[in-house]
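*Asks:* Predicted model and sequence below, questions to follow.
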Amino acid sequence: MRNGGHSNGYLVTGLLIGLALGLVYAWVLVPVELIDTSPQSLRADFQDDYRALVAAAFVASGDLGRARARLALLNDPDPARTLAMLAQRTLAEGGPADTARALGLLAAALGSGGLPPEATSHETPPPETPGAATAAATPSATLDAPASGTPDAGPTGRPTRTVTPTPTRTPTPTQGPPFQLQERAPVCDPNLDPALIQVFVFDAAGAPVPGVEVLVTWAGGQDTFFTGLKPEFGLGYADFQMSAGVVYTLQLAAGGDPVPNLSPSSDCPPAEDGRAVPGSWRLVFRQP
Amino acid sequence: MRYALFFLAIAAGVGLGLFYGWVVSPVQLVDTAPSSLRADFKADYALMVAESYEVQPDLNLAARRLAQLGGHPLDTVQAAAAFAVQVGYDPRDLALLRDLAEALKAYNPALESGGTPTP
């Protein structure tokens, strides 16, 4: 019994020493090096920077396919929602309005499965990297759908983008005549507490328009927001939370008449549970 | 015989340790910085900066974005351009990288930000 215990003892001791040596070697002496990483492994704030950069590039090129391929590298299950939330956070934190707008436009484009109105589409398939199994955003591996035949083969034998006219660089959401207020209606919804100014923007064809800048002013302050940052409510939708006792004036930055005297209404009937319902406003703008 | 078994046990332990450290529970690649990105991702990152710069020619902004990749912004763009040539980027993308590199050659952060250049 004692002999058996001794033999087990030195074997276990040897195993443990070896295990410790192996772990020291694997974790300390030769750990996995942090090189050749992918965007997916970036720290959360760097991933947000990456998303903002993808959105900025999208606004510049109008290439949704490329933007989609780049965002896919982050393995985000719902990139449109993530972008919309990031856009709202950017605005809430006082970040650059351009960045928020770009994020909102890309979120809207992804949410709709296409580009916002008047943003020229320049679809490209997901990129490839030669010799790598993992997808990499190598833009020249993309191709525009040629009218016929197969895409051109590049120097590496991979398909390269066929030279096509440069797309519209800035997908400005609206052009032509300014939007006009078509409907101004009070909304008594117990679920809207605090009260909101709900803005819906449509183009002449009745399609919702994302990326429209909305300016709200009140005594002593102002704020700016954009349509399309909440794609779950529609690409042309935006809202603003009102405070009791404050009177707001709303105007689309693109022009048009201001909408004055907006404040939480007290005319709504109480909710079923007896709770007071602050009145919201529904504003619908449309291009003539 | 006992020593042989002892060293054999150590060797087995080393093997187990390496298997655990490299396969079962390797160092996790999380919370990395853009500077650790693979070359092709870096090149695409630089291209995104160049695409954005084309419509918003703000060198400070471009340099700040490129600085996240580590090193001097000009070196970063030139490295990206070299990679782009190597793997056959679209000519338009190459032109964007070249334009940004040219702009960065004359880039002086102090002058761009309106500050006073340091001697």
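*Replies:* Nice, I can see it. Residues are numbered from 1 along each chain as shown, chains lettered A, B, ... in the order given.
*Asks:* From here on, just use CA atoms for contacts and neighbour counts.
*Replies:* Fine.
*Asks:* for stretch A:233-253, what is the average pLDDT?
*Replies:* Model confidence over stretch A:233-253 averages 89 on the pLDDT scale.
*Asks:* Now do the same for residue 88: its pLDDT.
*Replies:* Just going to use chain A. 83.
*Asks:* please go with chain B instead
*Replies:* Confidence at residue B:88, expressed as pLDDT, is 92.
*Asks:* And it, how close does it get to chain A?
*Replies:* Counting by Cα to the nearest Cα, to the nearest Å, the gap between residue B:88 and chain A amounts to 6 Å.
*Asks:* before we move on, what about residue B:34?
*Replies:* According to Cα to the nearest Cα, residue B:34 and chain A sit 7 Å apart.
*Asks:* got the contact list for the closest residue to that residue other than its chain neighbours?
*Replies:* Nearest residue to residue B:34, sequence neighbours excluded (Cα to Cα, 6 or more residues apart in numbering or on different chains): residue B:69, at 5.1 Å. The contact partners of residue B:69, by Cα atoms under 8 Å, 6 or more residues apart in numbering or on different chains, come to B:33-37, B:42, B:76.
*Asks:* and residue B:69, backbone torsions?
*Replies:* Main-chain dihedrals, residue B:69, degrees, to the nearest 10: phi -80, psi 0.
*Asks:* Which residue ranges make up the domains of chain A?
*Replies:* A:39-172, A:180-286 (automatic domain parsing).
*Asks:* Which of these sits closest to chain B?
*Replies:* Between chain B and these, the shortest gap by Cα to the nearest Cα is with domain A:39-172, which sits at 3.6 Å.
*Asks:* What lies in contact with stretch A:91-98?
*Replies:* Outside stretch A:91-98, the residues within contact range by Cα under 8 Å, 6+ apart are A:90, A:100, A:225.
*Asks:* what's the helix or strand for the second one?
*Replies:* Assigned by DSSP states H and E, residue A:100 belongs to helix A:97-112.
*Asks:* would CSV of the contacts of stretch A:91-98 with distance to residue B:92 and neighbour count be doable?
*Replies:* Rendered in CSV, the data for these read as follows (distance: Cα to Cα, whole Å; neighbours: other Cα atoms under 10 Å in any protein chain shown):
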residue, distance to residue B:92, neighbour count
A:90, 31, 19
A:100, 27, 29
A:225, 34, 24
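*Asks:* Please render those residues as a markdown table that adds distance to chain B to the earlier fields.
*Replies:* What follows is those, written out as a markdown table (distance: Cα to the nearest Cα, whole Å):
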| residue | distance to chain B |
| --- | --- |
| A:90 | 17 |
| A:100 | 14 |
| A:225 | 21 |
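*Asks:* Next, the buried residues of stretch B:15-30.
*Replies:* Buried residues in stretch B:15-30, counted by 16 or more other Cα atoms under 10 Å in any protein chain shown: B:15-22, B:29.
*Asks:* I should have written stretch A:197-207 there, sorry.
*Replies:* Applying a neighbour-count criterion of 16+ other Cα under 10 Å, one finds A:197-203 buried in stretch A:197-207.
*Asks:* what does stretch A:205-216 give?
*Replies:* Buried residues in stretch A:205-216 (16+ other Cα under 10 Å): A:208-216.
*Asks:* From the chain's centroid, how far away is it?
*Replies:* Average the C-alpha atoms of stretch A:205-216, do the same for its chain, and the two points are 16 Å apart (Cα atoms, centre = their mean, to the nearest Å).
*Asks:* That stretch: end-to-end distance?
*Replies:* For stretch A:205-216, the first-to-last residue distance is 26 Å (Cα to Cα, to the nearest Å).
*Asks:* Report the rounded mean pLDDT for it.
*Replies:* Along stretch A:205-216, the predicted confidence averages to a pLDDT of 84.
*Asks:* contact partners of it?
*Replies:* A:101-102, A:104-105, A:108, A:116-117, A:172-174, A:200-203, A:222-229, A:234-237, A:248-254, A:286.
*Asks:* Residue A:37 is in contact with residue B:30, isn't it?
*Replies:* No. Using Cα atoms under 8 Å, residue A:37 and residue B:30 do not qualify as a contacting pair, with a distance of 9.3 Å.
*Asks:* if we can go back for a sec, could you dump the contacts of residue B:69 into TSV with pLDDT, secondary structure and neighbour count added?
*Replies:* Rendered in TSV, the data for the contacts of residue B:69 read as follows (pLDDT from 0 to 100; DSSP: H, G, I helix; E, B strand; the rest coil; neighbours: other Cα atoms under 10 Å in any protein chain shown):
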residue	pLDDT	secondary structure	neighbour count
B:33	90	coil	22
B:34	93	helix	27
B:35	91	helix	19
B:36	90	helix	21
B:37	93	strand	22
B:42	95	helix	27
B:76	95	helix	21
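*Asks:* how about the helices in the chain?
*Replies:* With no chain named, the answer covers chain A. For chain A, the helices identified by DSSP state H occupy A:2-24, A:44-61, A:64-72, A:79-92, A:97-112, in order along the chain.
*Asks:* look at chain B instead
*Replies:* All helices of chain B, identified by DSSP H, fall at B:2-19, B:39-55, B:59-67, B:73-87, B:91-105, B:109-112.
*Asks:* Identify the residue nearest the geometric centre of chain B.
*Replies:* Centre of chain B computed as the mean C-alpha position; nearest residue by Cα atoms, centre = their mean is residue B:35, 3.7 Å away.
*Asks:* Report the contact partners of it.
*Replies:* For residue B:35, the contact set (Cα under 8 Å, 6+ apart) comprises B:42, B:68-70.
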